[in-house]
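# sequence and predicted structure are below.
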Amino acid sequence: MAGCAAGPNYRPPKTAAPANWSEAQLGGTTNAPVQVVAWWKTFNDPELTSLIERAVKANYDLRIAEAQLLQARALRAGAAWNLGPTIDAAGSYTDAKRARNAQTSTLTKPHTDLYDAHFDASWEIDIFGSLRRQLEQATALYGSVEENRRAVLISVLSEVALNYVNIRGFQYRLDVARKNIKAQQEALDLTRTRYDAGLTSALDVKQAQSLLATTQAQLPGLDTSFKQTVHQLGVLLGQQPGALLEELAADAPIPSTPPTVPVGLPSDLLRRRPDVRAAERQLAAATANIGVQAAELFPKLTLLGTGGFQSLSASDWFVPGGKYWSAGPTVTWRLLDFGRIRAQVKAANAQQQQAFAFYEKTVLTAFQDVEDARRIATRSRWPINSTKKGWAIFSPCSPRSGRSIRMKINSPPVRRPSRPIWSHSTKHWAVAGRINRPRRETANEGFTHDKLRNQNNAKAHANGGPDARHRRRMGLPAPCR
C-alpha cells in the first residue's frame, strides 16, 4: 500500500558545501565542533546570565513561537487521526402526521411517533496515499515551526546579550565624555589665562570653547541612546520599558570576549542552523502537498456502516425487535473535475520549486553570515596587535581601502605659525603659534613629513610651547620618543 501513494517521495536535497571557510583561522575562531551550551556564561557576567534566564521565561516572542508550536502539534495529531475510522452517535424523535389525502391505505395511522438511536461509522481506505501525504505534510510543517521556535530563541538570546553589551558601552562612553569635559574645561581655563597674559591668541580660546561645546553636546545623545537600549532590553524581558533603569544604573565593565570561538565546518552548519533546517522542512511539506493534490485524480473507497434501534413507542425502543443496521463500501470519483485537479497539481509543483529555491538561498545566506561574522571577529582583534607598533587602527583615522588615513600614536602637537597679532601685554606685533592636532597623512604618502614636523615642534618649544606639566593639564599627548 505504501507504494501506491500518489506524488513524488521526498528526498532531502544535497547541497554542496565548501570543505573549509574562505579565510584562515584568525582572531580566535577555530574549526572545532560547536557544542550547544549556555554560551552566554563564557562572558563570566552574572548580570548578563540573569537577564538571559529571565528573557527565556518571559519574552513574548518566545511565547508566540511556543503557541504556534502547540498549534502545529495539534494539527499533526488531527492528520494522524484521519487514517482511522470515525464513529458518530445520533438520536432523534419524530412526531409526524400524514395528510388524509396522502394516505394510501385506511390501515395506515395518520399520526405516528418515531424514536431512533444509532451509530454511523465511516472509514476511508487510503489506497492512493492522500491521507498519508497529508500526515507527511503536517509532520514537516510541525518540524518547520519547531525550528522557527529555535530560531526565535537564538534571536532573543543574542538580542539580550547585544543590548546588554551596548548598555555597558554607552556607560563607558558617557564616563569618558564626562572626563573629557572636565579636562577640556581645565584646558579652556588655562588658555584664557594665557590669553590674558598675551601668550596666545583669541582664536585659541575660541577653539578650546568649541571643543568643549562639541564634547558637551555628545552627552544628551549618549544618554538618550543608553536609555533607549535599556527600554528595549526591558521589553525583551517582558517588562515595562523603564523597569531596568535602576538595576542597570551602576557602571560596570563591558563583558570581555571569550579567547576562542568555535565555528565548526561548513558541512556542520547545514545541520545546526535552525533557519536552514526550517527551510528544509518547508521543502518537505511542499513535496508532500503534491501527493495530496495528485491523489484527487483517483477514486476514493470508503466503508460505511450504520446500526441502532427504532421504535414507534418509547416503551419498546431498546428491545431486540427494534434493531437495525446497514453496511457497505462506497466509491467516489471526481470524473468531471480533472481540469481543476491538474491545475492544483501544477500549483503544488510550482510551490515546491519556490521552497527549493528558498532553501538554497537560505543555505547561501547562512554561509555568508558565518563568513562575515568570522571576518568581524578576526579584524576586531587588530587594535590589540597594531597599537603595540604605534598605529591607531580603529579610530577616525583608521586605514581603509584606497586612500586610507593613518596617524601615529603619541604624536606631539604641531605649533604652526599664524598671522601677526597685537599683544596687549608687550604692546607689539608678534607671531604666535597655535596648537593643532597631528597632521593626518594618506596611506600612499606615508610619513614623509616627519622632518617638517620636528622642525615645527622645535619652533613651538622655542616660542614658549607648553611644557610637560601644561601638557598633562591640557590633555595633550606626550611627544614621540
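All right, it came through fine. Just so it is clear, the model here is predicted, and its values are computed rather than measured.
# poorly predicted segments of the stretch 251-400 of the chain, please.
Scanning the stretch 251-400 of the chain for pLDDT under 70 picks out the ranges 259-261, 378-400.
# now the strands for this structure?
29-30, 86-97, 111-125, 261-262, 300-311, 323-332, 405-406, 414-417, 421-423, 428-430, 433-436, 441-442 (DSSP state E).
# contacting residues around residue 218?
Residue 218 makes contact with residue 177, according to Cβ atoms under 8 Å, 6 or more residues apart in numbering. In this view, the C-beta of every residue, glycine as well, is placed from N, C-alpha and C.
# ugh, wrong one, I meant residue 40
48, 49, 52, 157, 161.
# out of these, which sit inside helices?
Those of those mapping onto helices are 48, 49, 52, 157, 161, per DSSP state H.
# of these, select the buried ones using a PyMOL command.
Only the buried members of the ones in helices among the contacts of residue 40 enter the following PyMOL selection, criterion being 16 or more other Cβ atoms under 10 Å:
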select buried, resi 48+52+157+161
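# in stretch 301-313, what counts as buried?
So, applying 16+ other Cβ under 10 Å, buried residues of stretch 301-313: 301, 306, 308, 309, 311.
# which one of those residues is nearest to residue 92?
residue 308 (10.0 Å; Cβ to Cβ).
# any idea how far that closest one is from residue 38?
Using Cβ to Cβ, to the nearest Å, one obtains 61 Å as the distance from residue 308 to residue 38.
# quick one, what contacts the spatially most central residue of the chain?
Geometric centre of the chain, nearest residue: residue 155, 4.2 Å, by Cα atoms, centre = their mean. By Cβ under 8 Å, 6+ apart, residue 155 lies in contact with residue 61.
# look at it and report its pLDDT.
Looking at residue 155, its pLDDT reads 93.
# the protein: helices as residue ranges?
With DSSP H as the criterion, the chain has helices spanning 46-58, 60-81, 130-196, 202-236, 266-272, 274-294, 338-379, 382-386, 450-462, 468-474.
# hmm, who's touching the second one?
Which is helix 60-81. Counting by Cβ under 8 Å, 6+ apart, 55-56, 131, 134-135, 137-139, 141-142, 144-146, 148-149, 152-153, 155-156, 238 sit against helix 60-81.
# which parts of that helix are buried?
For helix 60-81, by 16+ other Cβ under 10 Å, it's 61, 62, 65, 69, 72, 75, 76, 79.
# pLDDT and distance to residue 377 for those - can I get that in TSV?
What follows is those, written out as TSV (pLDDT from 0 to 100; distance: Cβ to Cβ, whole Å):
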residue	pLDDT	distance to residue 377
61	95	26
62	95	27
65	95	28
69	95	32
72	95	36
75	94	41
76	95	40
79	93	44
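# re the thing from before, of the contacts of residue 40, just say which sits nearest to residue 360.
residue 157 (27.4 Å).
# the closest one against residue 52, yeah?
Yes - using Cβ atoms under 8 Å, residue 157 is in contact with residue 52, at 5.8 Å.
# how near is residue 175 to residue 255?
17 Å.
# who has more neighbours, these two?
Just comparing residue 175 and residue 255: by other Cβ atoms under 10 Å the higher neighbour count belongs to residue 255, 17 against 12.
# please identify which of the strands of the chain is closest to residue 230.
strand 261-262 (27.3 Å).
# hang on, isn't residue 243 packed against residue 235?
No - if you go by Cβ under 8 Å, residue 243 and residue 235 don't touch, sitting 9.4 Å apart.
# and residue 436, what's its pLDDT?
Residue-level pLDDT assigned to residue 436 equals 39.
# so who does residue 221 touch?
Per Cβ under 8 Å, 6+ apart, neighbours of residue 221: none.
# again with the one 5 residues further on
For residue 226, the contacting residues are 167, 170, 171, 174, by Cβ under 8 Å, 6+ apart.
# can you do 6 Å?
residue 170 (Cβ atoms under 6 Å, 6 or more residues apart in numbering).
# over to the one 5 residues further on?
With contacts defined as Cβ under 6 Å, 6+ apart, the neighbours of residue 231 are residue 241.
# please report how far it lies from residue 240.
9 Å.
# same check, this time on residue 362
In terms of Cβ to Cβ, residue 362 sits 36 Å off from residue 240.
# among the buried residues of stretch 301-313, which one sits closest to residue 8?
Nearest to residue 8 among those, with distances taken as Cβ to Cβ, is residue 301, at 23.2 Å.
# what stretches of the stretch 101-250 of the chain score poorly on pLDDT?
101-110.
# let's go with 80 and repeat that
101-111 (pLDDT under 80).
# so what's the residue count around the closest residue to residue 54 other than its chain neighbours?
Nearest non-adjacent residue to residue 54, counting by Cβ to Cβ, 6 or more residues apart in numbering: residue 237, 5.1 Å away. For residue 237, the neighbour count with other Cβ under 10 Å is 22.
# and residue 237, backbone torsions?
phi -90, psi 10 (degrees, to the nearest 10).
# any idea how far it is from residue 163?
10 Å.
# ok, now residue 136?
Distance from residue 136 to residue 163, by Cβ to Cβ: 41 Å.
# against residue 167, how distant is residue 256?
In terms of Cβ to Cβ, residue 256 sits 16 Å off from residue 167.
# compare these two (neighbour count), which wins?
Neighbour count, other Cβ under 10 Å: between residue 256 and residue 167, residue 167 has more, with 23 against 10.
# so that one touches residue 229, yeah?
Yes - using Cβ atoms under 6 Å, residue 167 makes contact with residue 229 at a distance of 5.2 Å.
# now do the contacts for residue 337.
By Cβ under 6 Å, 6+ apart, residue 337 has no neighbours at all.
# try 10 Å
Residues near residue 337 by Cβ atoms under 10 Å, 6 or more residues apart in numbering: 296, 297, 344.
# also residue 229?
162, 163, 164, 165, 166, 167, 168, 169, 170, 244, 248.
# now do residue 119
Counting by Cβ under 10 Å, 6+ apart, the residues that residue 119 touches are 87, 88, 89, 90, 305, 306, 307, 308, 325.
# need the phi and psi values for residue 19.
phi -70, psi -30.
# my guess is it contacts residue 268, does it?
No - counting by Cβ atoms under 10 Å, residue 19 does not reach residue 268; the two are 11.9 Å apart.
# what score does residue 451 have for pLDDT?
46.
# which residue sits closest to residue 151, ignoring its sequence neighbours?
Nearest non-adjacent residue to residue 151 (Cβ to Cβ, 6+ apart): residue 274, at 4.1 Å.
# residue 124: neighbour count?
18.
# leaving out the residues flanking it, which one is nearest to it?
residue 302 (4.9 Å).
# now for the one you found: which residues touch it?
85, 122, 123, 124, 125, 328, 329, 330, 331, 332.
# before we move on, the earlier item: give me the more crowded residue out of residue 136 and residue 163.
Neighbour count, other Cβ under 10 Å: between residue 136 and residue 163, residue 136 has more, with 23 against 20.
# how near is the residue lying closest to residue 239 once chain neighbours are set aside to residue 186?
Nearest non-adjacent residue to residue 239, counting by Cβ to Cβ, 6+ apart: residue 58, 7.3 Å away. Going from residue 58 to residue 186 by Cβ to Cβ gives 47 Å.
# likewise residue 131?
Relative to residue 186, and taking Cβ to Cβ, residue 131 is found at 83 Å.
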